[in-house]
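Peer 1: Provided below are the primary sequence and the corresponding predicted coordinates.
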Amino acid sequence: PSRLMGQPTMLLEDIEIDPQRFQFKQGVDEQGQQKGNSLSGVDVWNEDMEGAIQVWTDPMDGKTYVVNGHNRLGKAKQLGVPSMRVEYINAPTAEAARGKGAITNIAQGGGTSFDAAKFLRDSNITEPAQLEGLGVPMRSGLATEGLALSKLPDNIFQDAVDGRVSKGKAMALGGSGLDETGMQQAYKALQSRDMTDSTFNEVLQQARSAPTVEGAQGGFLEKLMGAETLNLM
């Protein structure tokens, strides 16, 4: 009955998959699905909970691709569901369609904080106002976490992705308001000793209020810290 209520539907066999172009999440297989996703272990298809997947029709080849809903599409195929309700994305290019799908995911809490952070980094979204301008409320936990993580320098971001620093400490550092030099120095302090989250937050508060001094290239500061500036914290 849900297929007769007026919303567009498509046969699964007509929906193409190209995660390299359309899936914004990381660590996915060739079907665009994340291992251990929210539908893992589901054995019964519930039409009342399926929602609609977002699709985009490529004007270059006339094919329709899933943009947001790879996990649901994969589960539907696994359970033998022949069709799904769809929502067509209005976008001029595949990149724009992927962006709209990613924003929907972030607003709805789909994916991980690191997925959101990588998308925001790639899209040069650095301020809450930019997300709010796209209709993403900052009360969305994924948006807030992703924005904080997205501000981390590349090496610290990768350490957080790899689990060498906890997500809590990484978010505190990314949301600290420090510039890159300050973040690197605070991160060195974190690595030099075992700190609790509360202790690390105290370090960040001190770093925010401490002055920064500059030294000539090749001088004492560069030899000491590998940099020309030093936060006196």
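Peer 2: Perfect, thanks for sending it. Just so it is clear, the structure is predicted and the values come from calculations on it, not from any experiment. Residues are numbered from 1 along each chain as shown.
Peer 1: For the longest helix seen in the chain, buried residues please.
Peer 2: Among the segments of the chain that qualify as a helix by DSSP state H, the longest is helix 94-108. By neighbour count on 16 or more other CB atoms under 10 Å, the buried set for helix 94-108 is 94, 97-107. Heads up, the C-betas are built off the backbone N, CA and C, glycines and all.
Peer 1: Could you tell me the angle between the helix or strand following it and helix 94-108?
Peer 2: Towards the C-terminus, the helix or strand next in line after helix 94-108, according to DSSP states H and E, is helix 113-122. Angle of helix 113-122 versus helix 94-108, following axes from the mean of the first three to the mean of the last three CA atoms, to 10 degrees, is 140 degrees.
Peer 1: what's helix 113-122 in contact with?
Peer 2: If you take CB atoms under 8 Å, 6 or more residues apart in numbering as the criterion, helix 113-122 is touched by 24-26, 99, 102, 105-106, 126, 131, 142-143, 145-150, 152, 157, 160-161, 167, 171.
Peer 1: Could I have the buried ones of those residues as PyMOL selection syntax?
Peer 2: Below is the selection syntax for PyMOL that covers the buried ones among the contacts of helix 113-122, with 16+ other CB under 10 Å defining burial:
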select buried, resi 24+25+99+102+105+106+131+142+143+145+146+147+148+149+150+152+157+160+161+167+171
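Peer 1: Helices along the chain, start to end?
Peer 2: Shown for the chain, the helices assigned by DSSP H span residues 19-22, 70-78, 94-108, 113-122, 128-133, 141-150, 154-161, 167-174, 180-192, 197-209, 220-225.
Peer 1: Out of those, which is closest to residue 58?
Peer 2: In this view, those are compared for proximity to residue 58 by CB to CB, and helix 94-108 is the closest at 6.5 Å.
Peer 1: if we can go back for a sec, comparing the helices of the chain by mean pLDDT, which bottoms out?
Peer 2: Out of these, helix 220-225 stands lowest, with a mean of 54 (criterion: mean pLDDT).
Peer 1: Packing partners of the longest helix of the chain?
Peer 2: Applying 3 or more CB pairs under 8 Å, 6 or more residues apart in numbering; DSSP states H and E, one finds that helix 94-108 contacts helix 19-22, strand 53-57, strand 64-68, helix 113-122, helix 141-150.
Peer 1: out of these, deepest packed?
Peer 2: strand 64-68 (a mean of 24; mean count of other CB atoms under 10 Å).
Peer 1: and the direction of that strand versus that of helix 94-108, what angle?
Peer 2: 30 degrees.
Peer 1: Taking the centroid of the protein, which residue is nearest it?
Peer 2: residue 116 (1.2 Å; CA atoms, centre = their mean).
Peer 1: OK, contacts around the spatially closest residue to it that is not a sequence neighbour?
Peer 2: Setting aside the residues directly before and after it, residue 116 is nearest to residue 146 in space (CB to CB, 6 or more residues apart in numbering), at 2.8 Å. Counting by CB under 8 Å, 6+ apart, residue 146 touches 106, 113-117, 119-120.
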